[in-house]
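Q: Mind folding the following:
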Amino acid sequence: MPKILIADALSEVAISSLRETGLETDVKTGLSEDELVELIGNYEGVIVRSGTKVTARVLDAAKKLKVVGRAGVGVDNVDVEAASRRGVVVMNTPLGNITSAAEHALALLMALARNIPAADWSMKSGQWDKKRFAGVELAEKTLGVVGMGKIGQIVTRTMLAKGMKVLAFDPFLPERRARELGATLVEFDDLLARADFITIHAPLTDRTRDLFDAGAFGKMKKGVRIVNCARGGIVNEADLAKALADGKVAGAALDVFEQEPLPAESPLRGVPNVVLTPHLGASTKEAQEKVADAIAEQFALFFTTGKILNAVNLSVTLTPEIEPFANLARTLGSMLSQLSSKPPVRLLCSARGRIAAEDTHALAVSALQGLLSHWHDRTVNLVNAPMVAEERGIVITEEKSLESPSYANVVRVAVETDDGECSVAGTVFEGREPRITEIDGFVVDIKPEGHMIVLFYPDRPGMVGKFGTILGNADINIAGMDVGRKEKRGRACIALSVDEVVPPSVLDEMRKAIETGEAHLVKL
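A: Below you'll find the predicted structure:
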């Protein structure tokens, strides 16, 4: 059974769930990078939270690794690019802690407005200083929300109910959706200039790193208050400390930092008008149980059915509508790799019929996966298939049309090699049963499964009988068969599915019988 390493603390319920699925699970937490490098080669999956770092060095040593699971949203502690190059799926659990994260942002926002942490510290020091800790009301103030994902939307709904006006900045949010949420969609600089409070709920990317720097603080109202429960690095901490000291920013509340744990010498530690919490956004009993259960379920599905959920590094998304056709495209690609004797230089994937209304890019990537799996010495999957194709100089072309001359939906994959072009096509029936409908221009109808023999031969009497006799003498049973031809006594194609493995000697005998030598074994 696949072996799973749990490298950070996970609930016992989730661990039991993994083991009940049949996955061999080891719990080893607090590992250093050297220790992880030493161990990781034994495992096909690893689950982490925010503590363990899955670096490129770790991934280099992970020869069997298929999936990294992050019990939480952020994957900053996983080298996603290095994982993608190696075909390792990186999953997260984006929905498990959204409520806890949103509630923590709201708690910091209110604590900041009313100076609650500082007042609490003062009281416990024996003081009673009402004037010093006078706060501000949130009602009728303007809240700027940077990032309107699920957490940003929860914060928006809550603060609208408290009488705040909400400005939203999110390059991926349609204006119509912003209106539905009760927010006004604005440009970033407009938000900075108008907001009394700003709360950040964006991912850390090249575009958002140091998004809040000295230049951004200079564009804000004097007395603005800022909350960041998203990702460290979005706010430039040195620039924030200066803006707080200068009075440009009246207060800030941060739960995330560029370096965690926050260094003792951080300038933020010496600023009185800042609230600091040690990355507590997801630190609730409920959130930890949800993300642990979610990642355990995702791992169980991955290792038992191959289904991939919440992958952050997949090049495509497999919707329920496209998934059966993507599986078909992968099969077609695999067939082509076994029908072609030379490596591919170009792949063409076309979709015809109703399926063409969908995002069919997944079909091309799936066809690549099937094609390259026989021409590459490392794991090729939906994560790294486009990268591998680019490395090998394979040109990818995609076509689609709502018109289909034969079946309701047809996927056709063609591969060009130095020897010419070869193509296969297929469809998926309503019961989601795949069928091969064409091989190199010959119309056939056969179910793609198990062991197949594909032969191209001169169409003349007695040829099919020869094939049956050769297989019968070898005690190989024919499970299915279909013959395709374009004209009488011309070139023909026969596709045979068989119950047993075909030895090379039997295939050689069939090649001699057809005289052309065009006999191919295909394993699906």
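Q: Show me where the stretch 1-150 of the chain has its strands.
A: 3-6, 24-27, 45-48, 67-70, 89-91, 142-146 (DSSP state E, counting those that start in this stretch).
Q: Ala495: which of these is closest?
A: Nearest to Ala495, of all the strands of the stretch 1-150 of the chain, is strand 89-91, at 33.2 Å by C-beta to C-beta. Glycine gets a C-beta too; all of them are placed from N, C-alpha and C.
Q: Give me the most central residue, the protein.
A: By C-alpha atoms, centre = their mean, the chain has its centre lying nearest to Ala311, at 2.4 Å.
Q: Return the backbone torsion pair for Thr427.
A: phi -140, psi 170 (degrees, to the nearest 10).
Q: Quick check: the closest residue in space to it that isn't next to it in sequence vs Ala351, distance?
A: Nearest residue to Thr427, sequence neighbours excluded (C-beta to C-beta, 6 or more residues apart in numbering): Tyr407, at 4.2 Å. Using C-beta to C-beta, to the nearest Å, Tyr407 is found at 12 Å from Ala351.
Q: For the two, indicate the residue with more neighbours.
A: Ala351 (27 against 16; other C-beta atoms under 10 Å).
Q: That one: what's it in contact with?
A: Listed by C-beta atoms under 8 Å, 6 or more residues apart in numbering, the contact partners of Ala351 are 325, 360, 363, 399-401, 409-411.
Q: Among these, which ones are in strands?
A: With strands taken from DSSP state E, the overlap with those comprises 399-401, 409-411.
Q: Just give the number of residues close to the closest residue in space to Gly218 that isn't next to it in sequence.
A: Excluding its sequence neighbours, the residue lying closest to Gly218 (C-beta to C-beta, 6+ apart) is Lys248, at 7.5 Å. Using other C-beta under 10 Å, Lys248 has 17 neighbouring residues.
Q: do Lys285 as well
A: Counted with other C-beta under 10 Å, Lys285 comes out at 9.
Q: Can you tell me which of the strands of the stretch 1-150 of the chain is nearest to Glu12?
A: Each of the strands of the stretch 1-150 of the chain has some distance to Glu12 by C-beta to C-beta; the shortest is strand 24-27, at 9.7 Å.
Q: and the closest one, which residues are buried?
A: Thr25 (16 or more other C-beta atoms under 10 Å).
Q: Return the list of strands paired to that strand, each annotated with direction.
A: strand 3-6 (parallel) (DSSP bridges).
Q: So which bits of the partner strand are buried?
A: With burial defined by 16+ other C-beta under 10 Å, the residues of strand 3-6 counted as buried are 4-6.
Q: is the nearest residue to Val345 once chain neighbours are set aside in a bridge, and if so with what?
A: Leaving aside its chain neighbours, Val345 sits nearest to Glu416 (5.6 Å; criterion: C-beta to C-beta, 6+ apart). With DSSP bridges applied, the residues forming beta bridges to Glu416 are Arg346, Glu421.
Q: give the contact list for Glu416.
A: The contact partners of Glu416, by C-beta under 8 Å, 6+ apart, come to 344-348.
Q: how about these in CSV, adding pLDDT?
A: Formatted as CSV, those follow (pLDDT from 0 to 100):
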residue, pLDDT
Pro344, 90
Val345, 92
Arg346, 94
Leu347, 95
Leu348, 96
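Q: Which pair of those residues spans the longest distance?
A: Of all pairs drawn from the contacts of Glu416, the greatest distance, 11.4 Å, lies between Val345 and Leu348 (C-beta to C-beta).
Q: so Lys488 makes contact with Asp459?
A: Yes - with contact defined as C-beta atoms under 8 Å, Lys488 reaches Asp459; the gap is 6.9 Å.
Q: any chance you could map the strands in the stretch 301-450 of the chain?
A: With DSSP E, counting those that start in this stretch as the criterion, the stretch 301-450 of the chain has strands at 346-353, 395-401, 409-417, 420-428, 434-439, 442-446.
Q: can the ones you listed go into CSV with extra columns for distance to Val291?
A: Listed next are the strands of the stretch 301-450 of the chain as CSV, based on distance: least, C-beta to C-beta, whole Å:
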stretch, distance to Val291
strand 346-353, 36
strand 395-401, 36
strand 409-417, 37
strand 420-428, 35
strand 434-439, 36
strand 442-446, 45
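Q: Out of those strands, which is closest to Val271?
A: Of the strands of the stretch 301-450 of the chain, nearest to Val271 by C-beta to C-beta is strand 395-401, at 52.7 Å.
Q: What residues sit buried inside that closest one?
A: For strand 395-401, using 16+ other C-beta under 10 Å, the buried residues are 396, 400.
Q: Partner strands of it and their direction?
A: strand 346-353 (parallel).
Q: Work out the gap between the partner strand and the centre of the chain.
A: Centroid displacement of strand 346-353 relative to its chain, using C-alpha atoms, centre = their mean, to the nearest Å, is 24 Å.
Q: which residues are contacting the helix or strand of the chain with the lowest mean pLDDT?
A: The helix or strand of the chain with the lowest confidence, counting by mean pLDDT, DSSP states H and E, is helix 385-391 at a mean of 85. Contact with helix 385-391 is made by 84-85, 315, 347, 365, 368-369, 372, 376, 380, 396, as judged by C-beta under 8 Å, 6+ apart.
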